[in-house]
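**Q** I'd like to go over a predicted model; first the sequence, then the structure.
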Amino acid sequence: MMRILLPLSFVLIFPGAGCQGPSTGASTDPGTTQAIRPFDAGDARMGDSLIKAMGPLAGKVVADLYADDGYYTWKLLGAGARVLAMEDDPAQAAALEARKKSEGIGDDRLLVRLVPAGTVGLLPGEADLALVTREYSTLGDRGAWIKELMAGIKEPHLFYLVNYLPVPSPSGPPLSQRMEFDRVADELMTFGVDDVGILYKTLPDRYILFGSKPPVFESPDTDQVAPPSN
């Protein structure tokens, strides 16, 4: 297994990444359980920075886990991706469907799928890559969840996880829900995610962890190799 931690020279930094949007919740409130988007949706530059960090998306099938209000969904559509918007909240899923209909977006560009809580909801090999914007600590049985995620993404099973740094910030989930990226990376590797990289200067107060599971090329079985002839 190989783990990649990008040096500072490879960290993506975009103009405006240091701007802070208005507060949407007290990050130190241990009673807060509502999912909060990784950054304020009013600052489009931050969303654009995330999409740019994901590389070219035109023509790719991208799973948005979990789509919530659809902020990232429409960013991904704007980048030319076909989006599978997975959502476990019936009200949010209905709102996404209504917006899709009002904007005249067809199934060839966007599918909205209501999934049971604690599941990924992808069919085997359905997506080219995935974006996960829910705090990793809240995914329930993380081993089973990652296994299901890997099955739903084609090789090399690439996904991007956007989470808050475990330090106080003007907005975001409670500190009890935040995990160090090193801890997340170590756990992911125990679940079979071989390559892990981290960007921690692209977005304010957040990190982008990207992981994949490239195919394994086994060496020839030496027992099957015929000995050289004399």
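**A** Happy to help now that I have it.
**Q** which other helices and strands does the top helix by length along the chain contact?
**A** Longest among the helix segments of the chain by residue count, using DSSP state H, is helix 90-102. Helix 90-102 sits against strand 82-87, strand 110-114, with contacts defined as 3 or more Cβ pairs under 8 Å, 6 or more residues apart in numbering; DSSP states H and E. Glycine gets a C-beta too; all of them are placed from N, C-alpha and C.
**Q** of the ones you listed, which is nearest residue 195?
**A** strand 82-87 (23.1 Å; Cβ to Cβ).
**Q** for the closest one, which outside residues touch it?
**A** 59-68, 70, 73, 76-77, 93, 96, 108-115, 120-122, 126-127 (Cβ atoms under 8 Å, 6 or more residues apart in numbering).
**Q** and after the longest strand that the chain contains, which helix or strand comes next?
**A** What stands out as the longest strand in the chain, according to DSSP state E, is strand 153-164. For strand 153-164, the following helix or strand on the C-terminal side (DSSP states H and E) is helix 181-190.
**Q** the next helix or strand after that following helix pairs with which strands, parallel or anti?
**A** Proceeding N to C from helix 181-190, the next assigned helix or strand is strand 195-199, under DSSP H and E. Strand 195-199 pairs in its sheet with strand 206-212 (antiparallel), by DSSP bridges.
**Q** so which bits of the strand it pairs with are buried?
**A** Buried residues in strand 206-212, defined by neighbour count with 16 or more other Cβ atoms under 10 Å: 206-212.
**Q** now the angle from it to helix 181-190?
**A** Angle, strand 206-212 to helix 181-190, by axes from the mean of the first three to the mean of the last three Cα atoms, to 10 degrees: 20 degrees.
**Q** done for today, thanks.
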